[in-house]
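K.L.:
My questions concern the predicted model and sequence given below.
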Amino acid sequence: MTLQVRSSRSTSMRKPKEPEANRSRILSAATAEFAARGYKGASMDAIAARTSTTRALINYYFGSKERLYLAVLERVYAEIRDAERGLALDHLPPADAIRRIVEFTYDYYVGHESFVRLVVAENQARGRHMKRFPSLRTVNRPIVDMLGAVIARGQAEGVFRPDVDPVDVHMAIAALGMFNVTNQYTFGTLFQREMGSKGDVPRRRRIVADVILRWLEPVPAASRSRTSTRRKPCNPDSTVVPCSRPAPHSPPRASFPRGRRTSPSCVSPPCSRTRTSVPT
């Protein structure tokens, strides 16, 4: 009697966990399949074989191949965002916090090529699948908010330039980091570099961080002054002040055979000083 009660309890405790365990196994297998073959090339039968289940069971949990694919995208994005929450940036100076984000992102891409492949595949599809599910559009909000907080601290301290958009920073970090993963084989062959090796990863990770931080630095005053002295568009409410320079001496016009033309040897540039007219 006691054994039967224990058996029924253990069975009732296992049942709620089985659907979630099955779902997790299917997602893991689907992640590998979609990353290796893309959306069109991936096979539902191959995913079922990887999990020792059936195609019918996969459809029972996810409904269709596309919904399974979107669940994979949602999962891999959630995983990197969850990992970023453990960075603990509040106690770091702004520049060090940005460097930590860059280094973490670079290392994550190197260690999770399936994530990079999935992102590349969806971009090759022009984001067709993600566009149909608005919930995926907010998946990157946490990292943008994190970068925004760090950038705001840096701007308040005067160590970051004021005209920085956190989304642009996130895109730059992702672009530079992913490029070193997606193009490591072609560039490694073309330039005979051991890209992705233990000695190469730290160096390239440092380069990416240096590039991002250099971009975030305040623009020097000299550069700002050069920009501010550029000629501005003409003000329609201004009138040209007559130039005080004497007009150049114009020699008598010489006659030339028909068909030949000549241009003045010296032309005085127009005076650009203006005086704002007072409205009446």
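P.N.:
The structure has been received and is ready for your questions. Numbering: from 1, shown residues only.

K.L.:
Could you use CA atoms for every contact and neighbour count after this?
P.N.:
Fine.

K.L.:
Would you map the helices across the stretch 1-150 of the chain?
P.N.:
If DSSP state H, counting those that start in this stretch is used as the criterion, the helices of the stretch 1-150 of the chain fall at 2-14, 17-41, 44-51, 55-62, 65-84, 94-111, 113-124, 128-131, 141-157.

K.L.:
Which positions within the fourth one qualify as buried?
P.N.:
Burial within helix 55-62, assessed by neighbour count using 16 or more other C-alpha atoms under 10 Å, is assigned to Arg55, Ile58, Phe62.

K.L.:
what is the orientation angle of it with helix 65-84?
P.N.:
Put simply, helix 55-62 runs at 60 degrees to helix 65-84, going by axes from the mean of the first three to the mean of the last three C-alpha atoms, to 10 degrees.

K.L.:
quick one, helix 55-62 and helix 17-41 angle?
P.N.:
Using the same axes, to 10 degrees: helix 55-62 against helix 17-41 is 100 degrees.

K.L.:
Show the average pLDDT along helix 55-62.
P.N.:
Across helix 55-62, the average pLDDT comes to 94.

K.L.:
Same question for stretch 217-224.
P.N.:
Across stretch 217-224, the average pLDDT comes to 72.

K.L.:
mind checking how far stretch 179-196 is from the chain centre?
P.N.:
Stretch 179-196 sits 20 Å away from the centroid of its parent chain (C-alpha atoms, centre = their mean, to the nearest Å).

K.L.:
name the element the residue at minimal distance from the centre of the chain belongs to?
P.N.:
The C-alpha lying nearest the average C-alpha coordinate of the chain belongs to Met171 (C-alpha atoms, centre = their mean; 1.4 Å). Following DSSP states H and E, one finds Met171 within helix 166-182.

K.L.:
which other residues reach stretch 51-59?
P.N.:
Arg25, Ile26, Ala29, Met44, Asp45, Ala48, Lys65 (C-alpha atoms under 8 Å, 6 or more residues apart in numbering).

K.L.:
could you redo those as a markdown table and give each row pLDDT?
P.N.:
Below are the contacts of stretch 51-59 laid out as a markdown table (pLDDT from 0 to 100):
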| residue | pLDDT |
| --- | --- |
| Arg25 | 94 |
| Ile26 | 96 |
| Ala29 | 96 |
| Met44 | 96 |
| Asp45 | 95 |
| Ala48 | 96 |
| Lys65 | 95 |
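
K.L.:
just the buried members of these?
P.N.:
Neighbour counting over the contacts of stretch 51-59 (16+ other C-alpha under 10 Å) leaves Arg25, Ile26, Ala29, Met44, Ala48, Lys65 as the buried ones.

K.L.:
Which residues are in contact with the second one?
P.N.:
If I follow you right, that is Ile26. Ile47, Ala48, Thr51, Ile58.

K.L.:
Tell me which residues are up against the helix holding Met171.
P.N.:
Residues from elsewhere that reach helix 166-182 (C-alpha under 8 Å, 6+ apart): 102, 105-106, 109-110, 113, 116-117, 143-145, 147-148, 151, 195-196, 204-205, 208, 212.
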